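K.L.:
After the sequence you'll find the predicted model.
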Amino acid sequence: MSIKKHVKLGLSALALSVSFHAMAAEDPIKVGILHSLSGTMAISETALKDTMEMLIEQQNAKGGIDGRQLEAVVVDPASNWPLFAEKARELLEKEKVDVIFGNWTSVSRKSVLPVVEELNGLLFYPVQYEGEESSENVFYTGAAPNQQAIPAVDYLKNELGVERWVLAGTDYVYPRTTNKILETYLKDMGVAEADIMINYTPFGHSDWQSIVSDIKTFGSAGKKTAVVSTINGDANVPFYRELGNQGIASSDIPVVAFSVGEQELTGIDTGPLVGHLAAWNYFMSVDSDANYDFIDAWIEYKGDEKAVTNDPMEAHYIGFNMYVEAVEKAGTTDVDAVKDAIIGVSVPNLTGGYATMMPNHHITKPVLIGEIQDNGQFSVVWETSSTVAGDAWSDFLPGSRDLISDWRAPLKCGNFNVKSGTCGASAGEQALADAE
Amino acid sequence: MGIFRWLTPLCLKALHLNPLGLVLLMALSLPAYSQTEADPGQALLTNLADASSREMDAAIEAIVDSGDPRARDWLNAFGNNRLSRIEETGQVVEVLRNVGRNWTIADPLTGENLGEMSRRELDRVNINNAIRGKLEGVLAMLDLYSDNPEVQEAAAEAMMGKVNASVVKPLTKLLERDLPGPIRNRIEESVAIYQLEQGDAEAQAQAITVLTGSLHSNARAALNNAVAGDDPALAASAKEALVSIEQKLKMNRAAETLYFGLSLGSVLVLAAIGLAITFGVMGVINMAHGELIMLGAYTTWGMQQLLPGQPGLALILSIPAGFLVAALAGIAIERSVIQHLKGRPLETLLATFGVSLILQQLVRTVISPLNRSVTTPEWMSGSLVINDALSLTLNRMYVIGFALVVFAGLMLIMRKTRLGLEVRAVTQNRAMARSMGIRATRVDILTFGLGSGVAGLAGVALSQITNVGPNLGQNYIIDSFMVVVFGGVGNLWGTLLAGLSLGTINQILEPWAGSVLAKIMVLVLIILFIQKRPKGLFPQKGRAAEG
């Protein structure tokens, strides 16, 4: 064998390894999307899947992250809570995704928690929730109760002079926890037991006659009354319809809702609802250029002039941009490096400000109160003067008052008890224990 | 012009509101401003748009006091959140159409249509509930002088609880005139509420006399406040008034609960009556029954899309259309699935459950996973007011009527037509019926189509009450089976009675136990009842029972 040949071989081997290396760099970043596309939750979650696909497409058009393209891996957990865990495992083990964006209901998140903790994945959760949780592997881009419920109650009390409260909700964990927090908060402010009415209804409740009539009676006791509604999705349409039919106008008894957004209103004739309220961190009607650009892109992506945007979509927008920035900062998609890099990252939100990832894996958000208009949109009537940082552990629940969450070294704990100085079980372990 | 004679004494500068000027000016022609002369409306609107929440009252009053004939339109536009400013020029415009990205705007001064403008370039003039409440009071005050008694009555109604120092004088003045009874009562009550809160002892005592008979919730609220107030004598008489009101209310509440019960019951009857045919008479466990209801509801939505602007007509046409769509779907299910599983109830249950999932996902994929908005026609929204404490919601009243009509129609078909006779013959003894020359297969198809079509009718009615979405049917399938089993399988009268009584029991329990517990209690009740009488309220007797 001549030297020439040796050189040739060596060169080609070198070339091969170089091209191999280049190919590795060209390997796409895999983004798992874990949203229900069928079953009951499809009504809310389909739009979030589309949002993620649009964001990924936009990022790829900009050249990806550090030259690497992104690739969406979509699975359908079909509104089936145990299936969420299976699909999350499939995404992490089989598809080897770098990050997951997904979930809507708390119960589905609790089902996924043990899996992402065990396999050390990353999950961005975009929906307002009841708090009382902070996992090392989850980033909560939706509102915690102190970023939605508490400011809304403050608004009703201070701006509208409300003294009597109806806490109405659907019978599951989010309304129950939120109402427990609100009840303590109201009582701490000196509201009497007799001035609080709490009512729970089953999922999809459609016969609101006697409840609305009760609210009417409760509201005729001489004090300004308001309804704080944690009624979930579908049940809202007949609820608002009944309010309209029984002649309860927003100027008599305003209803402030935490689960009614632009998307829910597309199924309702909003004429009789004008003036009722919702508390969110984003409204489609927000007057900012970032928002208008986002809406234009969304309408173009959907090819539907009537497509609406809503709060959880903004949460995904923020979460996705935070992830992009964190990967650029860390220079790798390695989960541990990204987890460390993302704390403190600030990205623009759609309301004209910035959102920052806090050490407890929650983000800062402005709180907006909007009134329903006759065109199915909200008009913002009040907002907090600055952004509010999400609080994982409520100050108004006895068990969680002393807990803090900080995922930076050296604490690295999601539920550190400042009184006893100990760190409790991880969120995933707790979810498993609760399930048993 | 009699209206002006009694209005004249109102022309007092001391009053904040001056409706006279407005009415007088309205009698004249529209003021025409020349090009050089600035329109005063411009300044008023700019002032309104600039006002901080504290200056808002003054800005609204300035518009009312100006006596401009266009004031009403401006305030209405403002109240409906339709005033915007053009960012660049600061001009205040009225938004005619605020859907989508480009809004249609008009000049509020001339009414001239200014075409479309991107909403990026418009700043809304914000309004909130507090201002809207005040605005309603101001507009109601203007409307009280209207010639149209309906407008006047609505205005008097809107005045309740909104009387303040500035309007109490003109209101008292108004009472000296000859007014229709209900309007007079309303105004008297609203003045009394104000007097009870602000007046001297004599006025307060008189106010309580006026309010004693009133069932209006604002009157009760005012009396409740008086009871909680500092004056013990006043508190005592207010308490007395409340006790007498409370007694009257009891009767009204009982009537209301009964109405609620009947209306929930009629919804249950509608949902179940189709099942009473397919399950009750034919013995087919059709888990896709709920989805047939859903198809009926979607037909209503489709009809409204086909006939935009005529929701009433579309709804009426949906009755036959919904029946047909659901009936055809039912027949397709019967031919493709159920007929092959005759006499195998477990397999039928599983197969039809699969069909129900397929239908749901089909709607999700083809139409949308989102709920569809079905408009309620004018004549079905609102309520029939019996008195201040009792009003019957119209959409529910129509549903009760519709349920009864559907029931009567089905009874007629089953009792008086040849099809009914054949159905009964085939279900009682299939072999015998066939040997008498009845084509059993054809009867099967028609019966199943009939039951499915009635489910479609239920969907048309439900579209006026609940969500029209892919999950609509799921919410009613369990209830439907519950009603049919409770009423006695195979008996239409049983279904009617079971539906109405379950609805009423549910509504009686609900305020007392909460809706979650009420539902559980009703279920427990049925389980206990079925233990005692396994064949339901009206068991079939004789040979039919063994067949």
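P.N.:
The structure has been received and is ready for your questions.

K.L.:
Tally up the residues packed near the residue of the stretch 51-200 of chain A found nearest chain B, please.
P.N.:
Residue nearest to chain B within the stretch 51-200 of chain A (C-beta to the nearest C-beta): residue A:171, separated by 5.2 Å. Quick note: C-beta positions are derived from backbone N, CA and C, even for glycine. Using other C-beta atoms under 10 Å in any protein chain shown as the criterion, residue A:171 is surrounded by 16 other residues.

K.L.:
Please list all residues in contact with it.
P.N.:
Taking C-beta atoms under 8 Å, 6 or more residues apart in numbering or on different chains as the definition of contact, the neighbours of residue A:171 are A:200-203, B:516.

K.L.:
which of these has the weakest pLDDT?
P.N.:
Sorting the contacts of residue A:171 by pLDDT puts residue A:203 at the bottom of the list (81).

K.L.:
From what I see, that residue and residue A:236 are in contact.
P.N.:
No - between residue A:203 and residue A:236 there is no contact under C-beta atoms under 8 Å: 11.8 Å.

K.L.:
more crowded one of those two?
P.N.:
residue A:236 (25 against 15).

K.L.:
Look up phi and psi at residue A:377.
P.N.:
Phi and psi for residue A:377, reported as degrees, to the nearest 10, are phi -110, psi 170.

K.L.:
how about the helices of chain A, start to end?
P.N.:
For chain A, the helices defined by DSSP state H cover A:3-26, A:42-61, A:81-89, A:106-118, A:149-160, A:173-188, A:209-218, A:236-245, A:262-265, A:289-302, A:311-330, A:335-342, A:427-435.

K.L.:
lowest-confidence stretch among these?
P.N.:
The stretch with the lowest average pLDDT out of those is helix A:3-26, scoring a mean of 52.

K.L.:
rewinding a little: what subset of the contacts of residue A:171 is buried?
P.N.:
A:200-202, B:516 (16 or more other C-beta atoms under 10 Å in any protein chain shown).

K.L.:
quick check, nearest of these to residue A:342?
P.N.:
Here the nearest of these to residue A:342, counting by C-beta to C-beta, is residue A:200; it sits at 37.1 Å.

K.L.:
can you tell me how far the closest one sits from residue A:277?
P.N.:
Residue A:200 sits 21 Å away from residue A:277, going by C-beta to C-beta, to the nearest Å.

K.L.:
which one of the contacts of residue A:171 sits closest to residue B:294?
P.N.:
The shortest separation between residue B:294 and any of the contacts of residue A:171 is 17.0 Å, and it belongs to residue A:203 (by C-beta to C-beta).

K.L.:
Which residues does the nearest residue to the closest one once chain neighbours are set aside form beta bridges with?
P.N.:
With C-beta to C-beta, 6 or more residues apart in numbering or on different chains as the criterion, residue A:203 has its nearest non-adjacent residue at 5.9 Å, and that residue is residue A:170. Here residue A:170 shows beta-bridge partners residue A:201, assigned using DSSP bridges.

K.L.:
can I see the domain layout of the chain?
P.N.:
Reading this off chain A. Here the domain assignment for chain A is A:24-143+A:287-297+A:309-364, A:149-257, A:403-435, based on automatic domain parsing.

K.L.:
To clarify, I was referring to chain B.
P.N.:
Domain assignment of chain B by automatic domain parsing yields the ranges B:2-29+B:37-131, B:144-228, B:252-375+B:389-542.

K.L.:
Need the winner for burial among these.
P.N.:
Most buried of these by mean neighbour count (mean count of other C-beta atoms under 10 Å in any protein chain shown) is domain B:252-375+B:389-542; its value is a mean of 20.

K.L.:
Please report how far the residue nearest the centre of chain B lies from residue B:464.
P.N.:
Against the mean C-alpha coordinate of chain B, by C-alpha atoms, centre = their mean, the closest residue is residue B:381 at 4.9 Å. Look at residue B:381 and residue B:464: by C-beta to C-beta, they are 9 Å apart.

K.L.:
And for residue A:240?
P.N.:
For residue A:240 relative to residue B:464 (C-beta to C-beta), the value is 14 Å.

K.L.:
Please apply the same query to residue B:253.
P.N.:
For residue B:253, the distance to residue B:464 under the criterion C-beta to C-beta works out to 25 Å.

K.L.:
Retrieve the pLDDT associated with residue B:30.
P.N.:
What the model reports as pLDDT for residue B:30 is 46.

K.L.:
residue at max distance from the center of chain B?
P.N.:
Of all residues in chain B, residue B:435 has its C-alpha farthest from the mean position, at 53.2 Å, by C-alpha atoms, centre = their mean.

K.L.:
still on that earlier bit, right, and the helices of chain A - which one's nearest residue B:192?
P.N.:
helix A:209-218 (21.1 Å).

K.L.:
so what secondary structure elements neighbour the closest one?
P.N.:
Contacts defined by 3 or more C-beta pairs under 8 Å, 6 or more residues apart in numbering or on different chains; DSSP states H and E place helix A:209-218 against strand A:164-170, strand A:196-201, strand A:225-230, helix A:236-245, helix B:232-275, helix B:492-513.

K.L.:
again, only this time at 6 Å
P.N.:
Packing partners of helix A:209-218 (3 or more C-beta pairs under 6 Å, 6 or more residues apart in numbering or on different chains; DSSP states H and E): helix B:492-513.

K.L.:
Give me the local confidence score for the closest residue to residue B:154 other than its chain neighbours.
P.N.:
Nearest residue to residue B:154, sequence neighbours excluded (C-beta to C-beta, 6+ apart): residue B:143, at 7.0 Å. Residue-level confidence at residue B:143 comes out at 82, pLDDT.

K.L.:
What about residue B:143, how many residues nearby?
P.N.:
Other residues within reach of residue B:143, judged by other C-beta under 10 Å, total 19.

K.L.:
Isn't it up against residue B:151?
P.N.:
Yes - with contact defined as C-beta atoms under 6 Å, residue B:143 counts as touching residue B:151 (5.1 Å).

K.L.:
anything in contact with each of those two?
P.N.:
The contact sets of residue B:143 and residue B:151 do not overlap (C-beta atoms under 6 Å, 6 or more residues apart in numbering or on different chains).

K.L.:
what does chain B have sitting close to chain A?
P.N.:
Proximity of chain B to chain A (C-beta under 6 Å from any C-beta of the partner chain) is limited to residues B:81, B:98-100, B:120, B:128-129, B:132-133, B:217, B:220-221, B:224-225, B:260, B:264, B:361, B:364, B:369-371, B:373, B:375, B:383, B:393, B:466-467, B:471, B:475, B:507, B:510-511, B:515-516.

K.L.:
So what does residue B:208 look like in phi/psi?
P.N.:
Torsion angles at residue B:208 (phi, psi; degrees, to the nearest 10) stand at phi -70, psi -40.

K.L.:
so which of the domains of chain A gets nearest residue B:343?
P.N.:
Proximity of those to residue B:343 was assessed by C-beta to C-beta; the nearest stretch is domain A:24-143+A:287-297+A:309-364, lying at 32.3 Å.

K.L.:
Distance check, residue B:442 against residue B:418.
P.N.:
Counting by C-beta to C-beta, the separation of residue B:442 from residue B:418 is 12 Å.

K.L.:
Pull the contacting residues for the residue of the stretch 1-150 of chain A found nearest chain B.
P.N.:
With distances taken as C-beta to the nearest C-beta, the stretch 1-150 of chain A approaches chain B most closely at residue A:42, which sits 4.0 Å away. When contacts are counted by C-beta under 6 Å, 6+ apart, residue A:42 is found next to A:36, B:364, B:369.
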